[in-house]
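Visitor: need a 3D model of the following:
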Amino acid sequence: MYQTLTKRLREALAGHIREKYDMELAIVLERPPKIDMGEAASPVCFELAKRLKRAPRMIAQEIANGLGRVDGIAKVEVAGGGYLNAYFERGVFWSGVIEENSGERGKRAQRRDAEDTEKNRKIIVEHTSINPNKAAHIGHVRNAVLGDTMVRILRHAGNRVQIQNYIDNTGVQVADVVIGFLRMEQRSAVGVKMMAHEPKFDYYCWDLYAKATSFFEEDKARAAKLRGETLRAIEEGKGEDAEIAQVVADAIVGCHLRTMARLGIGYELLARESEILYLHFWDAAFEMLKKSGAIQLATSGKMAGCWVMPWEEEVKEVKEVKEKNEEEEDENSQDKIIVRSNGTVTYVGKDIAYQLWKFGLLGKDFHYHKWPNAPEGQTVWATTSEANDPEAPHFGEPAASVYNVIDARQAYLQKVVAAGLRALGHAEAAEQSVHLSYEIVALTPRCAAEMGYELSPEEAKKPYVEVSGRKGFGVKADDLLDKLEAATLAEVQQRHAEMNADKQKLTAHAIAVGALRFFLLKFTRNAIIAFDFKDALSFEGETGPYCQYAVVRIRGIRRKGAEAGATSVEVTKESLSRLLAGVEGNSLWEMLVAAGSLDYAVDAVIATQEPAFMAKYAFQLAQAFNNFYHRHHILSEADEQKRAFLLRLTELVEAQLVRALRLLGIDAPEKM
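Guide: Modelled structure (predicted):
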């Protein structure tokens with residue numbers, strides 16, 4: 001409802017300014033810091049003052065006097081040096097929020113208009129995209145949770161969203177594990193196939209990858225030779241190397257899907273890098289890049305024989321990225337390598353081809369088949385170079401925009417992909433290629449010790465301990481979830497011994513997932529997260545369990561209210577005016593405005609590409625309710641009309657808080 005009224009106000013102000021001053025201005029609205037300053041404020045008069053050469057406060061007074069009635073807006077006043085502060089009609093707002101949360105209109109408010117949704121061009125969100133060479137770790141979970149939450153929020157706003165997970169099954173990391181099996185452990189393809197069916201195969205590969213890293217560091221010349229040979233074999237799809245690579249990648253992708261399913265995360269399409277090669281996506285992109293002059297063959301220097309993309313970039317930025325990614329230093333140069341001198345394609349080259357396909361600019365499409373052994377309840381499709389399944393959805397429809405959820409260390413590579421699109425004449429696609437970046441997830445020293453890692457005295461004093469999958473140091477996602485679920489189950493068993501075992505496990509699972517997802521989402525994307533079990537599982541403070549417990553508390557109140565027959569009383573208009581007046585009325589009004597502002601938070605997330613705003617909204621709403629709960633004796637209130645209002649307001653808070661938590665991928669259990 002908040003968005004409905006602010007939209008009306010924005011349109012009214014724009015129309016009035018157009019008519020009176022003959023100017024087209026975008027109307028910005030802000031939330032005033034205090035409720036007694038109104039519900040929306042616009043600084044538009046400061047912009048008008050620059051153009052009209054007049055005092056902003058004088059213009060603001062002129063607009064406030066001449067604006068006329070806006071439905072749902074009680075008044076517009078001048079504040080400060082020239083702000084326009086708008087006050088909502090409290091009765092209109094109350095009725096609107098009630099209507100949005102009941103009956104058929106409430107259902108439409110949650111899903112928006114399906115017809116309009118179908119008219120929208122699609123958005124692709126690519127997330128998770130873990131190298132299929134080892135178990136998923138906590139950093140991968142941050143990626144998946146961010147991506148999944150953006151999908152939920154974009155869909156809530158009425159967008160058609162397709163979820164893709166890029167599978168780099170022909171890259172260096174997979175090649176390293178293949179070398180580990182063939183050269184270090186002397187295993188055959190048959191032996192690896194048998195191992196791939198065993199539980200915790202991804203854990204085994206985690207350790208093998210770390211061993212292979214040490215093996216390569218002993219002799220870098222040997223490493224370069226082995227990697228080059230293995231990568232070429234995998235890219236060509238020939239020999240035992242390619243066979244083992246496919247077995248390893250497919251088995252570990254299955255492990256990743258099961259891990260993420262525990263967090264309520266699923267995918268529609270697994271876009272495999274092998275098909276970019278086998279279906280000649282890269283060949284088509286390569287010809288386009290050469291023909292346009294976007295890439296050139298280097299004939300001298302350390303990159304002789306490589307196809308590179310000349311690209312002007314600030315030296316400072318390149319240097320900063322290089323310092324963050326020392327192992328990529330040879331490739332992260334101003335002349336970006338697209339094809340190595342040995343003929344193999346770099347990651348960024350294949351990513352340019354993939355990005356062109358997403359926007360329908362490649363003139364080619366994948367073949368598709370259903371992914372075998374998808375997590376229960378999920379249908380997952382994957383690209384294939386074999387026959388196309390005629391039942392496959394039309395994944396090749398061009399996207400209007402693409403969100404690539406990739407960590408901040410890959411910022412330079414994402415810039416190169418966008419530069420490739422621009423060089424091919426696709427400036428709009430480059431602009432709509434959104435890099436949803438995020439910083440690393442580390443561990444607090446306490447958490448690292450709890451996970452069994454030995455820390456030096458220096459590491460123990462640091463605010464966080466960095467993890468490294470390459471070195472085998474980190475928290476595997478499944479281990480993390482197991483530990484969280486064990487801790488929450490013990491708490492649930494202690495508090496609710498009467499609950500049956502299955503219900504206890506489901507409750508513990510909901511709390512554990514809520515704790516983890518909320519912890520990873522409450523920080524802005526550019527913040528380094530130091531994960532800690534104790535902080536995440538706390539029932540107090542800015543945590544998932546705190547928000548879940550607010551819902552549990554509300555449900556308890558509603559049950560008791562229904563049993564007492566208190567929910568059948570309707571609040572009259574006269575009573576509403578009385579209850580929302582005065583100091584106490586302002587307090588209740590603040591609670592109501594918070595409950596009616598979910599879509600304001602949704603729009604803020606989309607505008608800033610920052611899911612932390614939704615976590616902040618959920619926490620602040622839960623916090624506001626808890627303060628409200630302690631101030632008012634809801635069920636024992638003697639005034640029947642006030643009691644009915646308090647109960648109805650409580651229901652509204654529950655509905656909005658449950659929706660906000662679902663957008664964060666969090667369920668609220670019945671008991672905690």
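
Visitor: quick check: residue 91 touching residue 577?
Guide: Yes. The criterion here is Cβ atoms under 8 Å, and residue 91 meets it with residue 577 at 6.6 Å. Using the backbone N, CA and C atoms, a C-beta is placed for each residue, glycine as well.

Visitor: any idea how far residue 361 is from residue 353?
Guide: When distance is defined by Cβ to Cβ, to the nearest Å, residue 361 is 10 Å away from residue 353.

Visitor: those two - which one has more neighbours?
Guide: residue 353 (25 against 16; other Cβ atoms under 10 Å).

Visitor: now that one. Nearest residue, chain neighbours left out?
Guide: residue 285 (3.7 Å; Cβ to Cβ, 6 or more residues apart in numbering).

Visitor: flag every buried residue along whichever strand or helix holds that neighbour.
Guide: In the assignment (DSSP states H and E), residue 285 maps to helix 281-292. By 16 or more other Cβ atoms under 10 Å, the buried positions in helix 281-292 come out as 281, 282, 284, 285, 286, 288, 289.

Visitor: got a list of what the fourth one touches?
Guide: Contacts of residue 285 were listed using Cβ atoms under 8 Å, 6 or more residues apart in numbering, and they are 349, 352, 353, 356, 362.

Visitor: point out where the stretch 301-450 of the chain drops to low pLDDT.
Guide: 311-335 (pLDDT under 70).

Visitor: try it again with 50
Guide: Along the stretch 301-450 of the chain, the model assigns pLDDT under 50 to residues 314-332, 334.

Visitor: do a quick rundown of the strands in it.
Guide: For the stretch 301-450 of the chain, the strands defined by DSSP state E, counting those that start in this stretch cover 307-310, 335-339, 367-370, 381-384, 401-405, 433-436, 441-443.

Visitor: nearest to residue 100, out of the ones you listed?
Guide: The closest of the strands of the stretch 301-450 of the chain to residue 100 is strand 401-405. By Cβ to Cβ, the value is 27.8 Å.

Visitor: who are the packing partners of the closest one?
Guide: strand 123-126, helix 138-156, strand 433-436 (3 or more Cβ pairs under 8 Å, 6 or more residues apart in numbering; DSSP states H and E).

Visitor: same list (the ones you listed) but as a markdown table, adding mean neighbour count and distance to residue 505.
Guide: Supplementary listing: the helices and strands packed on strand 401-405 in a markdown table, determined by neighbours: other Cβ atoms under 10 Å; distance: least, Cβ to Cβ, whole Å:
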| stretch | mean neighbour count | distance to residue 505 |
| --- | --- | --- |
| strand 123-126 | 24 | 31 |
| helix 138-156 | 24 | 21 |
| strand 433-436 | 20 | 33 |
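
Visitor: can I get the buried residues of helix 281-292 in CSV including pLDDT?
Guide: Below are the buried residues of helix 281-292 laid out as CSV (pLDDT from 0 to 100):
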residue, pLDDT
281, 95
282, 93
284, 95
285, 95
286, 95
288, 95
289, 94
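
Visitor: now for those residues, which pair is the farthest apart?
Guide: It's 281 and 289 that sit farthest apart of the buried residues of helix 281-292, by Cβ to Cβ, at 12.4 Å.

Visitor: before we move on, the earlier item: any chance of a markdown table for the strands of the stretch 301-450 of the chain, columns distance to residue 73?
Guide: Formatted as a markdown table, the strands of the stretch 301-450 of the chain follow (distance: least, Cβ to Cβ, whole Å):
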| stretch | distance to residue 73 |
| --- | --- |
| strand 307-310 | 53 |
| strand 335-339 | 53 |
| strand 367-370 | 51 |
| strand 381-384 | 48 |
| strand 401-405 | 33 |
| strand 433-436 | 34 |
| strand 441-443 | 44 |
